[in-house]
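Undergrad: Build the 3D model from these lines:
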Amino acid sequence: MAIDAWLESRIALHRDRSVSEILLALVHGGLRLRDGYMAIHRRALEERAGGDPVAYGAYRACLLDTFGPDYLAHLDRWLEADGVAAAPPVPA
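TA: Residues are numbered from 1 along each chain as shown. Sure thing, here's the model as predicted:
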């Protein structure tokens with residue numbers, strides 16, 4: 001979850017930059033999808049969804065900015081289908 005911590009710290013430090021811009025810098029800085037990436041993403045999503053509404057809201061805002069509302073709807077369905085109860089996200 002180092003990538004999530006990195007992203008959250010950059011969002012806090014660079015409020016004047018869009019999340020997409022920050023992610024683009026990360027990609028150009030060497031991020032490559034690796035085996036297990038989606039499992040890591042899923043665990044991060046579940047942890048935030050179930051336990052930390054503020055972090056969940058920030059995480060969803062990042063995903064919305066980067067991937068759009070259809071992706072968020074997909075994640076909502078994914079979590080719901082697997083019985084993960086998501087607390088209502090709190091905007092960061």
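
Undergrad: Excluding sequence neighbours, find me the nearest residue to the residue nearest to the spatial centre of the chain.
TA: Central residue of the chain (Cα atoms, centre = their mean): residue 59, 3.7 Å from the mean position. In space, and not counting its chain neighbours, residue 59 is closest to residue 48: 5.0 Å by Cβ to Cβ, 6 or more residues apart in numbering. Heads up, the C-betas are built off the backbone N, CA and C, glycines and all.

Undergrad: Does the one you found lie in a helix or a strand, and which?
TA: Using DSSP states H and E, residue 48 falls within helix 37-51.

Undergrad: got the residue ranges for the helices in the chain?
TA: Using DSSP state H, the helices of the chain run over 2-13, 19-28, 37-51, 53-67, 69-81.

Undergrad: which helices and strands sit right next to the shortest one?
TA: Using 3 or more Cβ pairs under 8 Å, 6 or more residues apart in numbering; DSSP states H and E as the contact criterion, the secondary-structure elements in contact with helix 19-28 are helix 2-13, helix 53-67.
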